[in-house]
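> structural data only, the sequence is not supplied:
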């Protein structure tokens, strides 16, 4: 065996021996089963102490190149083959049939309408053109300079204390009294929902939900094997009497509701409905998960306050988010609940992902404290008063009132259309795409197949007035064309 | 009822009517049950069209201040009370006994040893003093300037394509061939483990784990109601024969392992052990979840490559993280698996929290592409070659070899001590804190109570050489004192 050691300024002798023997094996000069010299003989040959050789052999053993047995010479080992770029893993994987996963989505996440291309009423977030980028960049820089490395270390899984204090202050503006100890920072509102389920519902439990409801909540429920039960609705919206009967029958673990600008219908519960719902849940000790995803988006009239603002018994777990009014991509949301509940959910949070990046929380706290959020919200409300007004005017102008009906919302981004006279199994998304407009079919949001005709959800969050008006003109043309090709049955 | 409208430049008349009536009710000038004038009468009184009054009444109804019934005068409603700062929610919450939560932790997250205070060997992350802050701040700024708002919008739940390409390149350096489509970006390694469980294990399933193992994994298993089964160990570490019998008996859904610098023992499997383990799992089609949390931390000798590097059948799901070598607080980790598996887990990721902030992924990609990570790793390895050498020398110097034994690790941050001759129920954490040194008791890491004497886990990740040497001197003094007060039974 030919080994050659290099002197001065090179790697230590042991490292050189390891590298050279590994090379001899890989290049086939030494074959599996072949013996290497004893540590004493190789040491003499190279003029090294035998312990240096023994160390190198030990490392080659750990790396799988040698077999070492007491009293025997070291032998070259047949080492397991590596995956190589020419042996990609096949598409199948052996445990596919065991996986518990949410149902697949017909199409990828919404993409804002490209200019000239189709106009999309799918995106539900914050219009990137209205994002206050510069102040955020300044806040990121300022907090990194001020607080440094501690913002890049693990943080409190419940959330940065200063940021929770800031959220407590903001919640007060919505009538919610919550100390920082009653707030848990989450990885967006979506994780808030998952944490609430992790804490409050077990596989097989029933949960009351509006139907239609937020489609990603339905996927989450499927993943966590929690059974959604639709809340009964009457002419006025909620049917509290039928709801009470259902609570007695199903013994649900939780009630999930979006009282303001509900997704997908855009509807809001009145104050009296909120009081009735809360009183009913109090009577049955039924916890409420209140999703305030668009709480900040009242721009027509005054906001009706969240259920949580009247929650004297600690029954309501409220989830909030910045995703619909600021930066969806920062993934920052929060839960408000009683202290004991929030502390328990913080231990769940710690077990699932250890917490939200302190850097992002500190930057948002700085951004809000300096008044940028309030300024931005005022601008956003002005923009959406105009945009929603343009949308509603275009709907009145472009749609056939005998074919389509809707309720004008009090704020938010959503309008829910009911289309009459078309076959229920018609794929409206597909049919309207041919007319250059993308909308969400209502069927995505129902637990059970939609009754009473096809629905469409329009979101105007990522469209300006011109795009909205053009999009609704296309929608009107598309629906009229569909009516012509699908005459009503007689 | 006295209402006074202000002219020019004030709020619209309808808004003023809403505000003033609300005020009259809140101040008690109008009481529940009292009637308000009809829309016609109030319109005449104020010189406004009755539709303006009707709109204001409608809004007051939605806000819960009025009852409206067809053919009757509007009546003041008894509105539900808000929570106030003087009515805090009590500590109890009604569904406490239903919650499925991980077991409580005896103490909060590790905090790096304050100067002068106790020296803590608990923190396992990245020493904030070694974090390359400046280049990260520059990368954040650069990507925000270059890509703007799209980094603050919702992103691909599987992860930013450019960042996955960068991870693919880094994985290749560890012998793992993975295209960007075979990589899923996660919210730290902790979420990678949770996603793997969500996809591969159901409540009630058994999962094979090393014992002792990562304590936050045990908490996660408790939360997801997956049953940990300890893998059998022999004199050499893994006992593959006993493991095979256990696989046949328990039919586990998954095997969870940390082959390099295992937490808490710091031990690494040899290449031959890795090959044996992989071959066994291949024989039984048993998926492996390989936790490479300290993959980058080989600084003595050469790294033994991960199991995933030999995975030709797509059985290994590999999880990686930057938390132990870069910025724990950015919460960025990843999973590598077959394409079909990763795409399925991406739908799970989307359901649980919609994805990792694109801004952080883009900044890390920029940071790595510009060479800062490689530079930093080289510096980190130099630092920890010195730190671990100082630690091992201090252990040899300060500890009584008849009382404490350990195996020197090949890298990483962990040393696992077995303490002989002390009572098994002795709270060593508590006892040693009195000597100014914080360590983790081994009992935290075992599924079943530790057998064969108390263990201690030392982590040196957040300590420099001086702190390590001082801390181990205190540890030695503490253990000697404990030996003196707990003489061996005769």
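That came through, no problem. All figures in this text were calculated on a predicted structure; none of them were measured in a lab.
> what's the closest non-adjacent residue to the closest residue to chain B within the stretch 251-400 of chain A?
Relative to chain B, the nearest point of the stretch 251-400 of chain A is residue A:271 (2.4 Å; CB to the nearest CB). Any C-beta I mention is one placed from the backbone N, CA and C, and that applies to glycine too. Computed as CB to CB, 6 or more residues apart in numbering or on different chains, the closest residue to residue A:271 that is not its neighbour in sequence is residue B:64, at 2.4 Å.
> thought the one you found was touching residue A:304?
Yes: the criterion here is CB atoms under 8 Å, and residue B:64 meets it with residue A:304 at 7.2 Å.
> now list whatever residues contact both of those two.
A:270, A:271, A:274 (CB atoms under 8 Å, 6 or more residues apart in numbering or on different chains).
> how many neighbours does the residue of the stretch 251-400 of chain A closest to chain B have?
22 (other CB atoms under 10 Å in any protein chain shown).
> how close does it get to residue A:399?
Counting by CB to CB, to the nearest Å, the separation of residue A:271 from residue A:399 is 31 Å.
> give me the contact list for stretch A:404-420.
Counting by CB under 8 Å, 6+ apart, A:124, A:260-268, A:294, A:297-301, A:303, A:324, A:384, A:388, A:391-392, A:395, A:399, A:402-403, A:428, A:442, A:452-461, A:479, B:62 sit against stretch A:404-420.
> start to end distance for it?
With CA to CA, to the nearest Å as the measure, the ends of stretch A:404-420 fall 6 Å from one another.
> helix, strand, or coil at the closest residue to residue A:240 other than its chain neighbours?
In this structure, residue A:240 finds its nearest non-sequential neighbour in residue A:276, 5.1 Å apart by CB to CB, 6+ apart. Judged by DSSP: H, G, I helix; E, B strand; the rest coil, the three-state class of residue A:276 is helix.
> check what pLDDT residue A:276 gets.
Residue A:276 is assigned 95 on the pLDDT scale.
> is chain B contacted by the lengthiest helix in chain A?
When chain A is parsed with DSSP state H, its longest helix is helix A:372-398. No: applying CB under 8 Å from any CB of the partner chain, one finds helix A:372-398 separated from chain B by no less than 12.3 Å.
> strands paired with the following helix or strand past that helix, and their directions?
Sequence order places strand A:404-405 as the next helix or strand after helix A:372-398, per DSSP states H and E. With DSSP bridges as the test, strand A:404-405 is paired with strand A:414-419 (antiparallel).
> how far off helix A:372-398 does the strand it pairs with point, in degrees?
Per axes from the mean of the first three to the mean of the last three CA atoms, to 10 degrees, the angle that strand A:414-419 makes with helix A:372-398 is 20 degrees.
> I'd like the average pLDDT over strand A:414-419.
Averaging pLDDT along strand A:414-419 gives 96.
> and it, how far from the chain's centre?
25 Å (CA atoms, centre = their mean, to the nearest Å).
> between residue B:64 and residue A:304, which one's more packed in?
It is residue A:304, of residue B:64 and residue A:304, that has more neighbours when counted by other CB under 10 Å, with 23 against 20.
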